[in-house]
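In: what's the 3D shape of this:
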Amino acid sequence: MTKIVKTDAEWQNELTPEDFEILRNRGTEQAGTGEYEQHFPKEGYYVCKGCQLPLYSFTAKYESGCGWPAYNKCYKSQRYNGSHVIFLKDTEHGKTRLEIKCKQCDGHLGHMFVGAKSGNENERHCVNSRSVKYVKEVEPDWVSCLELNQLVGDDLKSELDDVKHGIDDPRNKALAGEACVKTR
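Out: As a prediction, the model looks like this:
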């Protein structure tokens with residue numbers, strides 16, 4: 001795998017200002033405003049908007065009620081030495097969460113949550129619509145789906161606020177803000 005590294009100027013030339021704010025500056029869309037929140041196709045897949053790396057199958061998308069597109073599996077491949085996403089511990093805003101990034105270009109995708117906030121799913125990728133692009137084609141034959149619970153160890157999960165605190169705890173409430181609010 002070859003990492004894609006570009007300057008901010010190069011990214012700004014390729015992305016809309018809103019997409020740049022989310023993918024490169026770790027911004028977020030306002031809940032309920034994203035193009036793919038209520039998008040449930042019968043085929044296809046979602047790629048990173050920054051580098052076109054396939055990230056999620058249409059079969060992994062589900063209705064979570066969180067206000068952002070939610071997925072319960074991500075792609076993996078030998079070509080990318082496993083998962084197509086990476087996780088970083090995020091302790092900003094008085095919370096401990098897992099940030100999700102594209103493995104190829106380090107574009108910010110959103111956050112992963114565990115447990116009660118994930119409905120019937122054990123883990124949930126909560127992804128900004130502006131971070132991904134839907135491709136209405138047959139899924140690539142070189143990828144397969146990876147169950148999310150295989151990606152994060154129990155030691156790190158135990159540090160996450162959505163595991164440590166109940167669903168009604170204020171530390172588990174969504175962050176208030178406008179569309180494309182910078183999170184860092």
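In: what ranges do the strands span in this structure?
Out: 27-28, 45-48, 54-57, 61-62, 70-71, 73-77, 82-83, 85-90, 97-102, 108-114, 123-127, 132-135, 144-147, 181-182 (DSSP state E).
In: looking at the ones you listed, which is nearest to Glu35?
Out: Comparing the strands of the chain by their distance to Glu35 (Cβ to Cβ), the top pick is strand 132-135, with 8.3 Å. C-beta: built from backbone N, CA, C; applies to glycine.
In: before we move on, back to that, and the strands of the chain, which one is worst for confidence?
Out: Lowest mean pLDDT of the strands of the chain: strand 181-182, a mean of 36.
In: quote the end-to-end distance of stretch 33-51.
Out: End-to-end distance of stretch 33-51 (Cα to Cα, to the nearest Å): 23 Å.
In: what does it contact?
Out: 4, 11, 14-15, 19, 23-24, 53-58, 61, 63, 67-69, 71, 75, 102, 104-105, 107, 109, 127-140, 179 (Cβ atoms under 8 Å, 6 or more residues apart in numbering).
In: are any of those residues buried, and which?
Out: For those, a burial check counting by 16 or more other Cβ atoms under 10 Å picks out 4, 11, 15, 19, 23-24, 53-58, 61, 68-69, 71, 75, 102, 104-105, 107, 109, 127-135, 139, 179.
In: residue contacts, Trp11?
Out: Here Trp11 is in contact with Phe20, Leu23, Arg24, Gly50 (Cβ under 8 Å, 6+ apart).
In: mind running it again at 6 Å?
Out: Neighbour list for Trp11: Phe20, Arg24 [criterion: Cβ atoms under 6 Å, 6 or more residues apart in numbering].
In: swap in the one 3 residues further on?
Out: Neighbouring residues of Glu14 by Cβ under 6 Å, 6+ apart: there are none.
In: for Cys51, see how far away it is.
Out: Between Glu14 and Cys51 the distance is 10 Å, computed by Cβ to Cβ, to the nearest Å.
In: hmm, back to that, could the strands of the chain go into a markdown table alongside distance to His39?
Out: Shown next, in a markdown table, are those (distance: least, Cβ to Cβ, whole Å):
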| stretch | distance to His39 |
| --- | --- |
| strand 27-28 | 18 |
| strand 45-48 | 9 |
| strand 54-57 | 12 |
| strand 61-62 | 7 |
| strand 70-71 | 11 |
| strand 73-77 | 17 |
| strand 82-83 | 23 |
| strand 85-90 | 19 |
| strand 97-102 | 18 |
| strand 108-114 | 15 |
| strand 123-127 | 11 |
| strand 132-135 | 7 |
| strand 144-147 | 18 |
| strand 181-182 | 22 |
